[in-house]
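Enquirer: could you work out the structure for the sequence below:
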Amino acid sequence: MAAKLLPVVKLATKVGIAGGAVYVAYDSGLLGGSEQGSEALQKARAAVPPAIEEWMKYFGLQTQLPTIPNIEFSPVQAWNSGVRWSISRLSEAPTKAGEMTTQGVQYVRELLK
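Expert: Now for the predicted structure:
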């Protein structure tokens with residue numbers, strides 16, 4: 001009985017962790033618009049270094065953390081360029097699929113000669 005229950009418990013644990021990760025991402029604004037994502041990134045930049053230092057003190061580790069580099073990154077622009085790239089590739093998909101099908105048929109014909 002316990003052997004049959006173990007896979008169910010493992011699956012429930014994995015689903016729970018995945019669901020929790022999605023909830024945290026949604027709650028923090030990562031799944032919202034680009035402005036919300038930018039705000040979430042700024043919050044993370046402010047919260048992560050103090051949290052790491054606190055954990056290092058808790059575990060008794062004595063190391064100096066490097067400073068966070070100032071990266072000029074605009075999530076809004078990155079998001080927009082990613083959306084443009086995706087839409088561009090999706091619009092090319094039927095043509096590319098036709099070309100690849102033609103190449104596949106030619107290859108099979110060459111093999112059958």
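
Enquirer: so A93 is in which element?
Expert: helix 75-112 (DSSP states H and E).

Enquirer: so which elements touch that helix?
Expert: In terms of contacts (3 or more CB pairs under 8 Å, 6 or more residues apart in numbering; DSSP states H and E), helix 75-112 is packed against helix 34-59. C-beta here means a position set from N, CA and C on the backbone, and glycine is covered the same way.

Enquirer: tell me which residues in the helix it packs on are buried?
Expert: Across helix 34-59, burial judged by 16 or more other CB atoms under 10 Å covers G37, S38, E39, A40.

Enquirer: can I see the domain layout of the protein?
Expert: 8-63, 73-112 (the TED database).

Enquirer: now for the protein, the helix or strand with the poorest mean pLDDT.
Expert: helix 34-59 (a mean of 79; mean pLDDT, DSSP states H and E).

Enquirer: who are the packing partners of that helix?
Expert: Under the contact definition 3+ CB pairs under 8 Å, 6+ apart, helix 34-59 sits against helix 75-112.

Enquirer: what is the orientation angle of the helix it packs on with helix 34-59?
Expert: Going by axes from the mean of the first three to the mean of the last three CA atoms, to 10 degrees, helix 75-112 is angled at 100 degrees with respect to helix 34-59.

Enquirer: what's the distance between helix 75-112 and the middle of its chain?
Expert: Counting by CA atoms, centre = their mean, to the nearest Å, helix 75-112 is centred 22 Å from the centre of its parent chain.
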